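Trainee: here are the coordinates; sequence isn't available:
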């Protein structure tokens with residue numbers, strides 16, 4: 001996705017590389033283009049723990065963990081027109097499924113959210 005933004009005629013992004021993962025966000029690189037598009041990366045993959053990992057110039061926002069769409073406290077994709085998408089560990093789910101699987105005591109919680117095993 002980062003390369004698609006670069007190829008869209010926006011020119012080269014301003015790149016800020018951190019020596020280690022950010023204390024709260026977990027990312028080690030931030031790329032910002034002249035139109036305001038911003039992405040947060042960890043070792044070349046979209047990743048951010050404290051907010052959206054990708055925000056485009058129109059304000060569409062996407063939450064990622066380790067390169068996968070993922071958010072457990074709301075929709076992982078928010079479009080400026082009001083549409084939303086729910087994603088958990090790289091899998092798209094409908095809102096009803098999302099409400100069920102984000103309950104802390106639901107069976108399978110650990111398996112579903114353990115992204116390192118999958």
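Mentor: Okay, I see it. Just so it is clear, the model here is predicted, and its values are computed rather than measured. Numbering: from 1, shown residues only.
Trainee: tell me which element residue 97 is part of?
Mentor: Residue 97 is located in helix 95-101, with elements delineated by DSSP states H and E.
Trainee: That helix - contacts with which helices or strands?
Mentor: strand 84-88 (3 or more Cβ pairs under 8 Å, 6 or more residues apart in numbering; DSSP states H and E). In short, each C-beta sits where N, CA and C put it, glycine included.
Trainee: Please report how far the closest residue in space to residue 78 that isn't next to it in sequence lies from residue 12.
Mentor: Among residues not flanking residue 78 along the chain, residue 61 sits closest, at 4.8 Å (Cβ to Cβ, 6 or more residues apart in numbering). Applying Cβ to Cβ, to the nearest Å, the value for residue 61 to residue 12 is 23 Å.
Trainee: Who has more neighbours out of those two?
Mentor: residue 61 (20 against 9; other Cβ atoms under 10 Å).
Trainee: Name the residues linked to that one by a beta bridge.
Mentor: In this entry, residue 61 is beta-bridged to residue 55, residue 78, by DSSP bridges.
Trainee: got the contact list for it?
Mentor: Contacts of residue 61 were listed using Cβ atoms under 8 Å, 6 or more residues apart in numbering, and they are 52, 54-55, 77-78.
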